[in-house]
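1. how would this look folded up:
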Amino acid sequence: MDAPMKFVQIIDYETDRIEEMQALGRQAEEQFAGRTDGPTHRMVLRDRSNPNRYLVVIEFDSYEEAMRNSGDPETGKFAERMAALCTKAPTFTDCDLVDVTELK
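-> The predicted model follows:
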């Protein structure tokens, strides 16, 4: 039987309160540490052309684990606090991870 396909969610948002957003992210990391259905990796990217735009790439072991995480009330509270720091509503893109290549 094949292993579940990894799943990635990309959150695209704009904020002029990045320090508060980073603090919220650190708080969430502490709160969700050790959860078996939580994310396995997270990257935060800043758009060089629009310095108030950020992309967060969050990896999960599977789509099912990501959906369990999304259904958690604490995740919903985090999303509300995050949205309150945004200058426009964040957008979410759900992706199946097809291939990863380590280049160095």
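
2. which residue is nearest the middle of the protein?
-> residue 58 (4.0 Å; C-alpha atoms, centre = their mean).

3. Residue 16: neighbour count?
-> 11 (other C-beta atoms under 10 Å). C-beta: built from backbone N, CA, C; applies to glycine.

4. And for it, nearest residue in space, chain neighbours not counted?
-> residue 52 (5.5 Å; C-beta to C-beta, 6 or more residues apart in numbering).

5. partners of residue 46 in the sheet?
-> residue 54 (DSSP bridges).

6. Is it correct that it is in contact with residue 53?
-> Yes. Assessed by C-beta atoms under 8 Å, residue 46 is found in contact with residue 53 at 7.3 Å.

7. Between these two, tell me which one has more neighbours.
-> residue 53 (16 against 11).

8. State the distance from that one to residue 75.
-> 23 Å (C-beta to C-beta, to the nearest Å).

9. mind listing what's buried in stretch 42-53?
-> In terms of neighbour count (16 or more other C-beta atoms under 10 Å), stretch 42-53 has its buried residues at residue 53.

10. correction: stretch 59-76
-> Buried residues in stretch 59-76, counted by 16+ other C-beta under 10 Å: 59, 60, 61, 62, 63, 65, 66, 68, 69, 75.

11. which other helices and strands contact the longest helix belonging to the chain?
-> Criterion DSSP state H: the longest helix present in the chain is helix 18-32. On a contact count with 3 or more C-beta pairs under 8 Å, 6 or more residues apart in numbering; DSSP states H and E, helix 18-32 meets strand 41-46, helix 73-84.

12. For residue 99, find the nearest of these.
-> strand 41-46 (15.3 Å; C-beta to C-beta).

13. Any chance you could list what contacts the closest one?
-> By C-beta atoms under 8 Å, 6 or more residues apart in numbering, the surrounding residues in contact with strand 41-46 are 22, 25, 53, 54, 55, 56, 57, 58, 59.

14. Out of those residues, which comes closest to residue 39?
-> residue 58 (4.7 Å).

15. Quick check: the residue nearest to residue 16 vs residue 15, distance?
-> In terms of C-beta to C-beta, residue 52 sits 6 Å off from residue 15.
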